[in-house]
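# structure for this input, please:
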Amino acid sequence: MRMSWMSPLLALVLAPALVAPSSGGAAPPASVTTPPPTPVLVAVRAAHRGDVDRVVFEFRGGLPAKRQVGYVDRLFADGSGRRVRVAGQALLRVRFEPAQAHADDGSPTAAPRRVAYALPNVMTAVRAGDFEAVTTYGIGLAKRTPVRVTTLQAPPRVVVEVGAGFATVQRKVWFFHRDRFVDNREPFFVARTRPVRPGTPATGPMDRLYAGPLPRERANGLRVLRSGTTGYDDLTVSGGVADLRLTGRCSSGGSTVSIAGEILPTLKQLPTVDRVVLRDRSGSTLDPDGPGDSTPACLEP
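Numbers count the residues shown, from 1 in each chain. Take a look at the predicted model:
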């Protein structure tokens, strides 16, 4: 009697065909979905148009899906939670998601971390975060006014418009000239003009000082010599005396120049100020009742 047989190898080859479902075939390969690229912030510009100041955030790779713009009392850094100081009398927070202010290799883009503007309302834009596809900026303003947000294409842009239909006057603000100091060429502090609201003769110039020099001024060597301070508080002008308290740690770092060289002439240009009293964050100063200007011990060399 003959017996039919099949080699084990052939059985393994044919077995799938014997058990394959009649309606089937090989399952199609799973599709791979590539996530859209994260928009990259590449520039922040500002200009005055009519009765508004316009701050333009330009992106590469499309517009962020979420755009949140609103007034806040304080600004905190994304990730660390530390407070971010922004000069001005009003603070506008602008938040983009998803968005980043760096290239995919981690290198920075042309979008500034901190930039000053000489516009009627907009003083400065300060980055508060570039963390986990969220980019945040704080816009320091001279006055809280209505805000409008629009978008443009080619290239993708988010435009933040703030009201600026109010009068301003020009005041001088003194900045530290780093190059002159290095070359030992006085004066080490030089004046630049800024628009300020007429009703803010003291706080207007002080806010502009802490906003810092414009980009073209920085390119020419101007800086804010902060001396460890982060801002000012409790500014009053009475009886010819401007009295204010500096915030932050306050330290001259052993230098013969300090932020006093910027603040004193900036305030003493005002016809109502003959003398300036600078205090540290605890309120201390060297000669509060003397005939001349007074500075705190933390600003001594």
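
# let's see stretch 103-120 as CSV, backbone CA atoms only.
C-alpha atoms of stretch 103-120 as CSV (Å, rounded to 0.1, in the frame of the first residue of the first chain):
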residue,chain,number,x,y,z
ALA,A,103,15.5,76.4,15.9
ASP,A,104,15.1,72.6,16.0
ASP,A,105,18.9,72.2,16.8
GLY,A,106,18.4,74.4,19.9
SER,A,107,20.0,77.5,18.4
PRO,A,108,18.3,80.9,19.0
THR,A,109,16.4,82.7,16.3
ALA,A,110,16.4,86.4,15.6
ALA,A,111,13.4,86.9,17.9
PRO,A,112,14.8,89.0,20.8
ARG,A,113,14.7,88.1,24.5
ARG,A,114,14.3,91.7,25.5
VAL,A,115,13.9,94.8,23.2
ALA,A,116,12.9,98.4,23.7
TYR,A,117,10.8,100.6,21.6
ALA,A,118,10.4,104.4,21.4
LEU,A,119,6.6,104.3,20.7
PRO,A,120,3.9,106.4,22.5
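
# quickly find the element holding the residue most central in space within the chain.
What sits nearest the mean C-alpha location of the chain, by Cα atoms, centre = their mean, is Val126, with 0.6 Å. Counting by DSSP states H and E, the element that carries Val126 is strand 122-131.

# neighbouring strands of that strand in the sheet, and parallel or not?
For strand 122-131, the pairing partners within the sheet under DSSP bridges are strand 114-116 (antiparallel), strand 134-141 (antiparallel).

# so what's Pro112 up against?
Residues near Pro112 by Cβ atoms under 8 Å, 6 or more residues apart in numbering: Val44, Ala125, Arg127, Pro215. The way it works is simple: take the backbone N, C-alpha and C, and place the C-beta from them, glycine included.

# tell me the spacing between the closest residue in space to the last one that isn't next to it in sequence and Val159.
For Pro215, the nearest residue in space outside its immediate sequence neighbours is Val115; the separation is 6.3 Å by Cβ to Cβ, 6 or more residues apart in numbering. Here the distance between Val115 and Val159 works out to 16 Å (Cβ to Cβ, to the nearest Å).

# tell me the confidence at the closest residue to Ser284 other than its chain neighbours?
Leaving aside its chain neighbours, Ser284 sits nearest to Pro296 (5.7 Å; criterion: Cβ to Cβ, 6+ apart). For Pro296, the pLDDT comes out at 98.

# now do Leu299
Value listed for Leu299 in the pLDDT field: 98.

# direction included, what does the helix or strand hosting Phe176 pair up with?
When elements are assigned from DSSP H and E, Phe176 belongs to strand 169-177. Take DSSP bridges as the rule and strand 169-177 pairs in its sheet with strand 189-196 (antiparallel), strand 222-223 (antiparallel).

# immediately after that strand, which helix or strand?
Note on strand 169-177: by DSSP H and E, the next helix or strand toward the C-terminus is helix 178-183.

# from the contact counts, what lies against that next one?
Using 3 or more Cβ pairs under 8 Å, 6 or more residues apart in numbering; DSSP states H and E as the contact test, no helix or strand touches helix 178-183.

# in it, what's buried?
For helix 178-183, burial by neighbour count (16 or more other Cβ atoms under 10 Å) applies to Arg180, Phe181.

# now swap in stretch 41-52 and tell me
In stretch 41-52, counting by 16+ other Cβ under 10 Å, buried: Leu41, Val42, Val44, Ala46, His48, Val52.

# for the fourth one, pull up the helix or strand it's in.
Ala46 is part of strand 40-49 when elements are defined by DSSP H and E.

# what's in contact with that strand?
So strand 40-49 is contacted by 53-61, 96, 99-103, 109-112, 115, 117, 119-120, 122, 125, 135, 137, 164 (Cβ under 8 Å, 6+ apart).

# take the residues you listed and keep only those in strands.
Within the contacts of strand 40-49, residues falling in strands by DSSP state E are 53-60, 96, 115, 122, 125, 135, 137.

# can I get these in TSV including pLDDT?
Listed next are the ones in strands among the contacts of strand 40-49 as TSV, based on pLDDT from 0 to 100:
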residue	pLDDT
Asp53	98
Arg54	98
Val55	98
Val56	98
Phe57	98
Glu58	98
Phe59	98
Arg60	97
Phe96	98
Val115	98
Val122	98
Ala125	98
Thr135	98
Tyr137	98
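
# most neighbours of all the residues you listed, which one?
Greatest neighbour count in the ones in strands among the contacts of strand 40-49, by other Cβ atoms under 10 Å, goes to Tyr137: 31 neighbours.
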